[in-house]
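[1] Predicted model and sequence below, questions to follow.
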Amino acid sequence: LFSMRGRRNDRYLQYSRMLAVHPRAWGRGLGAALKLEQKRIALQRGYTWMEWTFDPLEARNASLNLRRLGARVRVSHRDYYGTRTSQFDRGVPTDRFLAEWDLREDLAATGEARRAAHARGVTAFRVTTDAQGLPVPGTVRLDLTAPVLLVPVPMPFQPIRERHTPLALAWRLAVRESAEAAFDAGYHAVDLAPNLPGLPGCGAHVFVPEGAL
């Protein structure tokens with residue numbers, strides 16, 4: 001895990017460039033422990049803000065960033081890294097969400113409301129399953145007056161990318177269209193809700209209007 005000093009507008013911050021845990025050590029909470037130690041050191045050195053990017057289709061990463069740490073997302077970038085040969089990106093554009101972590105936010109106070117918000121959510125598109133049992137995104141139909149928007153993501157995404165590139169691309173474009181419209185309308189992402197009813201094989205990014213939570 002490492003980060004570097006940066007500045008956006010007039011705010012100095014830590015830009016977290018990489019977090020990696022060996023696959024044999026996954027599932028032990030090490031990613032969260034590393035990030036919380038990074039937060040402790042940043043605060044000790046006078047930083048109150050941290051940023052990094054992550055793939056919105058990687059639900060495991062989104063859950064860590066939004067649900068466990070309390071970051072928020074207000075902007076996305078299309079094809080952020082261009083064409084890459086990484087095994088995790090091959091065959092699909094490298095879209096990324098920008099995580100914004102206010103290191104002063106008390107997640108003990110705000111986390112419960114974040115996790116409960118999905119119960120009032122309106123889904124951006126339907127999800128069905130194909131003959132192989134893989135989740136398939138439908139046509140995006142966003143209700144931009146809803147108090148909470150849900151943008152589905154497959155759990156997990158990598159098996160789809162490895163087995164069915166056209167379907168992986170369909171997911172990339174559906175999430176891109178939904179998220180960009182939500183951000184433009186003043187929503188931001190505050191949670192990744194897993195295994196939601198009516199969304200087979202999917203979780204969902206939870207979007208609320210700015211200032212709602």
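    Now that the structure is in, tell me what you want to look at.

[2] okay, the spatially most central residue of the chain: pLDDT?
    Centroid-nearest residue in the chain: residue 62, 3.7 Å away (criterion: Cα atoms, centre = their mean). As predicted, residue 62 sits at a pLDDT of 97.

[3] Residue 86 now?
    Taking residue 86 on its own, its pLDDT is 64.

[4] Same question for residue 89.
    Per the predicted model, pLDDT is 66 at residue 89.

[5] next one: the one 10 residues further on
    With respect to pLDDT, residue 99 scores 98.

[6] low-confidence ranges in this structure?
    For the chain, the stretches with pLDDT under 70 are 84-89.

[7] ok, which stretches of it are helices?
    30-44, 59-62, 107-116, 158-163, 165-184 (DSSP state H).

[8] May I have the beta-bridge partners of the residue lying closest to residue 191 once chain neighbours are set aside?
    Leaving aside its chain neighbours, residue 191 sits nearest to residue 206 (4.0 Å; criterion: Cβ to Cβ, 6 or more residues apart in numbering). For the C-beta atoms, the positions are set from N, CA and C on the backbone; glycine is no exception. Beta-bridge partners of residue 206, counted by DSSP bridges, are residue 150, residue 191.

[9] quick one: contacts for residue 206?
    Residue 206 is in contact with 66, 114, 117-118, 121, 148-150, 189-193, counting by Cβ atoms under 8 Å, 6 or more residues apart in numbering.

[10] With neighbour count as extra columns, can I get these in JSON lines?
    As requested, the contacts of residue 206 are exported to JSON lines (neighbours: other Cβ atoms under 10 Å):
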{"residue": "66", "neighbour count": "25"}
{"residue": "114", "neighbour count": "21"}
{"residue": "117", "neighbour count": "21"}
{"residue": "118", "neighbour count": "23"}
{"residue": "121", "neighbour count": "21"}
{"residue": "148", "neighbour count": "20"}
{"residue": "149", "neighbour count": "27"}
{"residue": "150", "neighbour count": "27"}
{"residue": "189", "neighbour count": "27"}
{"residue": "190", "neighbour count": "25"}
{"residue": "191", "neighbour count": "28"}
{"residue": "192", "neighbour count": "27"}
{"residue": "193", "neighbour count": "24"}
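
[11] Including distance to residue 103, could these go into JSON lines?
    Formatted as JSON lines, those follow (distance: Cβ to Cβ, whole Å):
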{"residue": "66", "distance to residue 103": "15"}
{"residue": "114", "distance to residue 103": "17"}
{"residue": "117", "distance to residue 103": "22"}
{"residue": "118", "distance to residue 103": "25"}
{"residue": "121", "distance to residue 103": "27"}
{"residue": "148", "distance to residue 103": "25"}
{"residue": "149", "distance to residue 103": "26"}
{"residue": "150", "distance to residue 103": "27"}
{"residue": "189", "distance to residue 103": "18"}
{"residue": "190", "distance to residue 103": "16"}
{"residue": "191", "distance to residue 103": "18"}
{"residue": "192", "distance to residue 103": "20"}
{"residue": "193", "distance to residue 103": "24"}
